[in-house]
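Participant: Pasted the sequence and its predicted model underneath.
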Number of protein chains: 2
Amino acid sequence: MTQEKLRKFLQANGLINAQQAEEIARQFVPKEIAQHDFLLREGRVCDEYLFLEKGLLRAFAHDPNGNEVTTSFYKSGQVVFEVSSFFTRVTSQENIQALTNCAGWCITFQQLNALFHARPEFREFGRSVLVQGFATLKGRMLGMITTSATERYEQLMKTTPEILLNAPVKHIASYLGVTDTSLSRIRAAVTKSAGHE
Amino acid sequence: MTQEKLRKFLQANGLINAQQAEEIARQFVPKEIAQHDFLLREGRVCDEYLFLEKGLLRAFAHDPNGNEVTTSFYKSGQVVFEVSSFFTRVTSQENIQALTNCAGWCITFQQLNALFHARPEFREFGRSVLVQGFATLKGRMLGMITTSATERYEQLMKTTPEILLNAPVKHIASYLGVTDTSLSRIRAAVTKSAGHE
DNA sequence: GCAGCTACTTGCCAAATGGCAGGAAATCAC
DNA sequence: GTGATTTCCTGCCATTTGGCAAGTAGCTGC
């Protein structure tokens, strides 16, 4: 179990050098999550900032009628935590659950804050994570407005095909903003037209 | 022209005290934007972090077909800037335009960064602005998935009725993710049923 | 095996939304 | 003022998506 991937990730955007990355990475502890287990449950405060090295997770909330709505998928190489609950220290409306066995590296809010305070370069890094997440969500919002359900499905399959192997259709459907019935039809149509090529 | 509202805003979430607020506020310069003028144009780097004291703005991007899509409305009491462009120093895909005459207080990226560096309390405040924006966008996304266009319209009118007075229907429509034709019908239906009360 | 469960698909029809075009009303330029 | 432009509404019809129910397939426990 080495921290190599974590260190690489810390250095990825050029804000942190190798020496700093190693020192920062030492603050992280290994974390494993078995398939179906939860990283976060609604009603609790998110206190783990997880770099995911391996595996796939799903975040979901409940709509007013109690139906599950998938709000995000996380794959390896990403940071996994619920922004609002983690930073505001407020109970989470969301659950984060492992779709496969997962492994990664974790720090607590307190540790992260201490690091932010002590290390300007990590502060910048942390901001960059937040800003990127923001931009991603904005892009998803724009896609929701400007593209059809079929296009959104194809886009998701192109960028994160592993979801298809590990998440049931209904989870993908609510993420895309359609019912599972509709997504089933969309998949039938996409498969058929792909076969024509 | 006093900075009272800016100072109040800085203190609002309890991270900054009155003395600090006054010192920080002094870094901001007054900014006015005439109706129809732009705070930010696509293709340029956002370099203004604006506290809006008075007025209403709209952010919009273009979809692949060149149609305008409203991505956000900003009303007084909010911070106005394009997160990704401002912090990443990358050209903006978005425009931000004044729907009415606007007035507020502004600092540049360089100033903000210097303040973040010098003042931990302002750093926390800045993070809080980002986190709140994130949470708001997430909520909007969830609404897009779980509620009907009619409900989204009613929600928007409840929280920001001034939009109705200052933005044409098509701008509101693309923000809600429907066509202007549909929104026109939705408005007709809502007005009619409201009249029945 | 069998019963029970979940995931997924599909037919039928309803509801929501879009595309287009026409026309009324307001606004703007001059 | 007049004409041009923009905004908004609405009728007609197509497309997309949803709701419900039936049916198949696979998986699980016993």
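Facilitator: In hand now; what should we look at?

Participant: List, one by one, the residues from chain A near DNA strand C.
Facilitator: With the criterion set to Cβ under 7 Å from any atom of the strand, chain A comes near DNA strand C through A:Pro168, A:Val169, A:Lys170, A:Asp180, A:Thr181, A:Leu183, A:Ser184, A:Arg185, A:Arg187, A:Ala188. To be clear about C-beta, it is placed using only N, CA and C from the backbone, and glycine gets the same treatment.

Participant: can you point me to the longest helix in chain A?
Facilitator: Looking across chain A with DSSP state H, the single longest helix is helix A:120-146.

Participant: Filter the residues of chain A next to DNA strand C down to the buried ones.
Facilitator: When those are checked for burial by 16 or more other Cβ atoms under 10 Å in any protein chain shown, the buried set is A:Lys170, A:Leu183, A:Arg187.

Participant: which of those residues lies closest to B:Gln11?
Facilitator: Closest approach to B:Gln11 among those (Cβ to Cβ): A:Lys170, at 45.8 Å.

Participant: still on that earlier bit, helices or strands next to the helix or strand following the longest helix of chain A in the packing?
Facilitator: The helix or strand immediately downstream of helix A:120-146 is helix A:149-159, counting by DSSP states H and E. Using 3 or more Cβ pairs under 8 Å, 6 or more residues apart in numbering or on different chains; DSSP states H and E as the contact definition, the elements that helix A:149-159 packs against are helix A:120-146, helix A:162-166, helix A:169-176, helix A:180-195.

Participant: which of those helices sits most buried?
Facilitator: For the helices and strands packed on helix A:149-159, the largest average neighbour count (mean count of other Cβ atoms under 10 Å in any protein chain shown) is found in helix A:169-176, namely a mean of 21.

Participant: what mean pLDDT does it have?
Facilitator: Rounded to a whole number, the mean pLDDT of helix A:169-176 is 96.

Participant: Can you show me the CA trace of that helix as PDB?
Facilitator: The C-alpha trace of helix A:169-176 is given here as PDB (Å, rounded to 0.1, in the frame of the first residue of the first chain):
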ATOM      1  CA  VAL A 169     -30.300   1.400 -14.400                       C
ATOM      2  CA  LYS A 170     -32.400   3.300 -12.000                       C
ATOM      3  CA  HIS A 171     -29.400   4.900 -10.300                       C
ATOM      4  CA  ILE A 172     -28.100   6.100 -13.600                       C
ATOM      5  CA  ALA A 173     -31.500   7.200 -14.700                       C
ATOM      6  CA  SER A 174     -32.100   9.600 -11.700                       C
ATOM      7  CA  TYR A 175     -28.600  11.000 -12.200                       C
ATOM      8  CA  LEU A 176     -29.500  11.800 -15.800                       C
END
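
Participant: Which strands and helices lie in contact with it?
Facilitator: So helix A:169-176, by 3+ Cβ pairs under 8 Å, 6+ apart, packs with strand A:56-62, strand A:68-75, helix A:149-159, helix A:180-195.

Participant: Now mean pLDDT too, for these, in a markdown table please.
Facilitator: Formatted as a markdown table, the helices and strands packed on helix A:169-176 follow (pLDDT from 0 to 100):
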| stretch | mean pLDDT |
| --- | --- |
| strand A:56-62 | 95 |
| strand A:68-75 | 96 |
| helix A:149-159 | 95 |
| helix A:180-195 | 86 |
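
Participant: hang on, the earlier thing: compute the inter-axis angle for the longest helix of chain A and strand A:68-75.
Facilitator: Interaxial angle of helix A:120-146 relative to strand A:68-75 (axes from the mean of the first three to the mean of the last three Cα atoms, to 10 degrees): 130 degrees.

Participant: And helix A:120-146, what does it pack against?
Facilitator: helix A:18-25, helix A:109-118, helix A:149-159, strand B:68-75, helix B:83-88, helix B:120-146.

Participant: Report the angle between it and helix A:149-159.
Facilitator: 150 degrees.

Participant: So is helix A:120-146 next to DNA strand D?
Facilitator: No - Helix A:120-146 lies out of reach of DNA strand D by Cβ under 7 Å from any atom of the strand, never closer than 10.3 Å.
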